[in-house]
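Trainee: pasting the structure only:
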């Protein structure tokens, strides 16, 4: 039996490719970094893939390789590898890629996922963590393969889409880790996204990571505080009441998430900082190891 | 804040921009509401179908693609209207407007490639947001249009969006396709061009045939589309149009907001104001360090924990202020407003009015 503390990492990194997805601002990049850091400490060979031209994790993960994949580069490489070097050259030169992308929407997502699939098959890495696309494109990003299979009936793009679908449908090779916050709108969105991904893509969903859960000081009971306004000051009492109602809101949203989404939850604590540094990532990776997993119903 | 009030009094268009998840839609609704309270007839266009906003505005059936008037009660002089952007319907409307005849309109609307252009061409959503803004601007019912832009990392997406179709039509592929038509060849003639044949082998030839048919059906409509796009661009850059950057006090969203702001400045548009949403309130004047010290000196456990709580909240706030500083530097001290993190969700008009109170300094608790 593994030690209890090993479980969050094992459930998060249960497949070779882990796509971290969630709306903007929920801490997707943070969760990507924490999973990668924890797995690397566990002795695994880890690759982090950043999309959308983001370069936020470059120097923050010692011992982890970080690469960036962009759609035009991936398409270019794919065409060259498949005997379409001349077409690739002309596509790039004339900017025809816009037209191709419009003719077959999702083609850029396919080539990016195809590149990830190629990396997965090299056996160079035990774990590939993908910091999913920004601005809530997770669903279109992951449904592209299914959509394109229907629209394009032949050719290399079609076979690429089929290979990507195979990857997405194999729970041992790929799972999606959804990230959310303990707040109303992010909880609504993660529930919607989870069902859409399951129905449309048929991809395995890993645990839901709830980021920034308040686990700070334990507040004294309300009755003990109200009489203190005069001695400690109204602001200090107001601060306690503010925190108390924020926490009540959090608990309500977490309960709703448990009720509406039958997936394991892993809670990451809120940090008192607004940025992301190597120290924060390590701190969170420590907390991750110590986190109890909230099992699904 | 008086500069933000002036902005609402003097502008005819307010564009809210910023990355996703920062409360842009709520900010747009609050600005519209405040403008109405100041006597203007404001319409808010949102791209976010969030149920909660519709509920907060008292629209049980959700937001519609047509402006709906919000009931603000008898004490408000102005008007507030709200609607949701419908990208596809707006694009269809443009095709109907500029089509030479019904047959051409039908050919385009029924073309699979057109459906992709209207739905999936990158920049289309921004383009249609700008188009909607333009038509509302010309609508006599309103004197202020507040628009919530699609989440984007790039300010230019919106500024240049109306040009997206023109650029597309200037494309070499379009010219390649149109050339044979002008010389009397038929559709399959175009598709047999070497480059198109090669592309067809990559993406599938039926997909390409749809594209060729679309470009051919579009012939004759480009001029109308282009002129309209030029008008839209002119409106976005007009002096009566204000850009408000919305952000939350996290390092990454502020970095994006600053980059956004810089692009607007470079484009000669400038940032009219910045709204930083969800800042932790101050709770008195004690610094985090002072609150920690107070906690350590307390001989009572309850008091110690109360001060530890202040110290924790204060640490977050101090960090947030640090993170926000670069945005303040771009927008200007007087034109950067913060909104406090609230201890409850906004679920009705009163909640929106509370936020408006914070934004325009009518509440002692403003952060």
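Mentor: Done, it's in. These numbers were taken from a predicted model, which means no experiment stands behind them.
Trainee: which residues of the stretch 51-200 of chain B score low on pLDDT?
Mentor: B:120, B:152-155, B:171-193, B:195 (pLDDT under 70).
Trainee: which parts of the stretch 1-150 of chain B sit against chain A?
Mentor: B:19-22, B:50-52, B:113, B:116-117, B:119-122 (C-beta under 8 Å from any C-beta of the partner chain). The way it works is simple: take the backbone N, C-alpha and C, and place the C-beta from them, glycine included.
Trainee: show me where pLDDT drops low in the stretch 151-297 of chain A?
Mentor: A:151, A:153, A:272-275, A:290-297.
Trainee: Contact residues of it facing chain B?
Mentor: So the stretch 151-297 of chain A meets chain B at A:151-158, A:184-186, A:188, A:216-220, A:224-225, A:228, A:231-233, A:235-243, A:245-246, A:249, A:272-276 (C-beta under 8 Å from any C-beta).
Trainee: quick one, what contacts residue 88?
Mentor: No chain in the question, so chain A it is. A:75, A:76, A:79, A:80 (C-beta atoms under 8 Å, 6 or more residues apart in numbering or on different chains).
Trainee: Can you look at chain B instead?
Mentor: Contacts of residue B:88 (C-beta under 8 Å, 6+ apart): B:118, B:119.
Trainee: before we move on, back to that, can you select the buried ones among the residues of the stretch 151-297 of chain A next to chain B for me in PyMOL?
Mentor: The PyMOL selection below is limited to those of those classed as buried (16 or more other C-beta atoms under 10 Å in any protein chain shown):
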select buried, chain A and resi 151+152+155+156+157+158+184+185+186+188+216+217+219+220+224+225+228+232+233+235+236+237+238+239+240+242+243+246+249+272+273+274+276
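Trainee: So which of the residues of the stretch 151-297 of chain A next to chain B sit within helices?
Mentor: With helices taken from DSSP state H, the overlap with those comprises A:151, A:155-158, A:184-186, A:188, A:224-225, A:231-232, A:235-243, A:245-246, A:249.
Trainee: what's the spacing between residue A:40 and residue A:13?
Mentor: 11 Å (C-beta to C-beta, to the nearest Å).
Trainee: Of the two, give the one with the bigger neighbour count.
Mentor: residue A:13 (23 against 20; other C-beta atoms under 10 Å in any protein chain shown).
Trainee: Show me which parts of the helix or strand hosting residue B:330 are buried, residue by residue.
Mentor: If you go by DSSP states H and E, residue B:330 is part of helix B:301-331. For helix B:301-331, burial by neighbour count (16+ other C-beta under 10 Å) applies to B:302-321, B:323-324, B:327-328, B:330-331.
Trainee: By neighbour count, which of the contacts of residue A:88 wins?
Mentor: For those, the largest number of neighbours (other C-beta under 10 Å) sits with residue A:75, at 27 neighbours.
Trainee: Is that one part of a helix or strand, or is it coil?
Mentor: helix (DSSP: H, G, I helix; E, B strand; the rest coil).
Trainee: so what's it closest to, chain neighbours aside?
Mentor: residue A:111 (4.5 Å; C-beta to C-beta, 6 or more residues apart in numbering or on different chains).
Trainee: what do you get for residue A:168?
Mentor: Nearest residue to residue A:168, sequence neighbours excluded (C-beta to C-beta, 6+ apart): residue A:203, at 4.7 Å.
Trainee: My read is that that neighbour contacts residue A:176, right?
Mentor: Yes. Using C-beta atoms under 8 Å, residue A:203 is in contact with residue A:176, at 5.4 Å.
Trainee: any common contacting residues for those two?
Mentor: With C-beta under 8 Å, 6+ apart, residue A:203 and residue A:176 have common neighbours A:142, A:197.
Trainee: can you tell me the distance between the two ends of stretch A:145-162?
Mentor: With C-alpha to C-alpha, to the nearest Å applied, stretch A:145-162 spans 7 Å between its terminal residues.
Trainee: Identify all contacting residues around it.
Mentor: Against stretch A:145-162 from outside (C-beta under 8 Å, 6+ apart): A:78-79, A:82, A:84, A:104-107, A:109-111, A:113-114, A:144, A:164-165, A:168, A:200-201, B:201-204, B:206-207.
Trainee: surely residue B:157 meets residue B:125?
Mentor: No. Residue B:157 lies out of contact with residue B:125 (C-beta under 8 Å); the separation is 9.0 Å.
Trainee: which residue is nearest the centroid of the chain?
Mentor: Just so you know, I chose chain A. residue A:20 (1.6 Å; C-alpha atoms, centre = their mean).
Trainee: think we crossed wires, I meant chain B
Mentor: Centre-most residue of chain B, counting by C-alpha atoms, centre = their mean: residue B:149, 1.1 Å.
Trainee: list the contacts for that one?
Mentor: B:15, B:16, B:17, B:24, B:47, B:126, B:129, B:158.
Trainee: Identify the bridge partners of the third one.
Mentor: Note on residue B:17: beta-bridge partners residue B:245, judged by DSSP bridges.
Trainee: Next, count neighbours for it.
Mentor: 27.
Trainee: What segments of the chain are strands?
Mentor: Just so you know, I chose chain A. Assigned by DSSP state E, the strands in chain A fall at A:17-21, A:46-50, A:65-68, A:127-131, A:174-180, A:204-213, A:265-269, A:293-294.
Trainee: other chain: chain B
Mentor: B:13-17, B:41-46, B:68-70, B:79-84, B:144-148, B:241-247, B:273-279, B:336-340.
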